[in-house]
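>>> What follows is a predicted protein model with its sequence.
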Amino acid sequence: MSLSVSIINKPNVVVAKNENLKFTSSMKNKTSDEQLILKYSKGDMDAFEVLYVRHKDSLLRYCLRQFTSRAVAEECFQEIWMKVIKNRTKYQPKALFTTYLYRIATNHVIDVYRKEKKRHFDCEFEEDFLPNDADKVSQSGLSEEQKIVNRELRKQIASLPFEQRNTLLLKLDNGLSLEDISQIMGCGKETVKSRLRYATNKLKELLSDSLGARQI
């Protein structure tokens, strides 16, 4: 059984791909994330490819909105997937794969913050920040005024304390439940609710100041 190394999309994540295992379109749609990671843990490389394609856009968007530097965000994105690959045999089907993935992502983001702080990371918002494909699609058809509001919103989200920002992104961008977020963040559901409330109120205040009390 021959194996080859393939590069899956961009940013680059290198995985070993089993050329003799092929998923049909029906299999891709019906197989759950949890089944896929268990298949991958037993050596099914195609299962990882399907899993990666399902989650790469949302995870990249999550990383891009955590950092003001696109380069740092993309490096973080790749490192998170490498941790998933390295720890594939440790996954236990007690939690959803999405919860498992974003627990790894959250912990890694915290580690990157610490490293960047030590290197005196420049925290100013980059004017040449380029949105990913998902952001481009979401902004298609919007007026210039709406695009300005969206850009300012992203900037202000980046200014929130980590716990509030991370909770907000997990809820809004990834649609995770309060229970899922509480497992990822290691806190109670009431704490999650509180962080969401504080984050929302703070964003309204910041946007009101920066955009001249526009309706949000």
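Okay, I see it. Residues are numbered from 1 along each chain as shown.
>>> What are the boundaries of the helices in this structure?
25-30, 33-41, 45-64, 70-86, 97-118, 133-139, 144-158, 162-172, 178-185, 189-210 (DSSP state H).
>>> Quick check: mean pLDDT of stretch 72-82?
Stretch 72-82 shows a mean pLDDT of 95 in the predicted model.
>>> Stretch 31-39 too?
For stretch 31-39, the per-residue pLDDT averages 95.
>>> Use 547 as the first number from now on
Sounds good: first residue 547 from here, last item stretch 577-585.
>>> Lowest average confidence across the helices of the chain, which one?
helix 679-685 (a mean of 48).
>>> Domain-wise, how is this structure divided?
Split into domains by automatic domain parsing, the chain comes to 547-671, 687-762.
>>> could those go into a markdown table alongside mean neighbour count?
All C-beta atoms are positioned from the backbone trio N, CA, C, and that covers glycine. Output for the domains of the chain, formatted as a markdown table (neighbours: other C-beta atoms under 10 Å):
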| stretch | mean neighbour count |
| --- | --- |
| domain 547-671 | 16 |
| domain 687-762 | 16 |
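>>> Lys585 and Val596 touch, don't they?
No. Lys585 is beyond contact range of Val596, at 9.2 Å (criterion: C-beta atoms under 8 Å).
>>> shared neighbours of these two, anything?
Taking C-beta atoms under 8 Å, 6 or more residues apart in numbering as the contact rule, Lys585 and Val596 both touch Thr577.
>>> So what would you say the end-to-end distance of stretch 628-638 is?
By C-alpha to C-alpha, to the nearest Å, the extent of stretch 628-638 from end to end equals 18 Å.
>>> how far does that stretch sit from the chain's center?
Taking C-alpha atoms, centre = their mean, to the nearest Å, one finds the center of stretch 628-638 at 17 Å from the center of the full chain.
>>> Hmm, Lys602 and Glu620 touching each other?
No. If you go by C-beta under 8 Å, Glu620 and Lys602 don't touch, sitting 11.5 Å apart.
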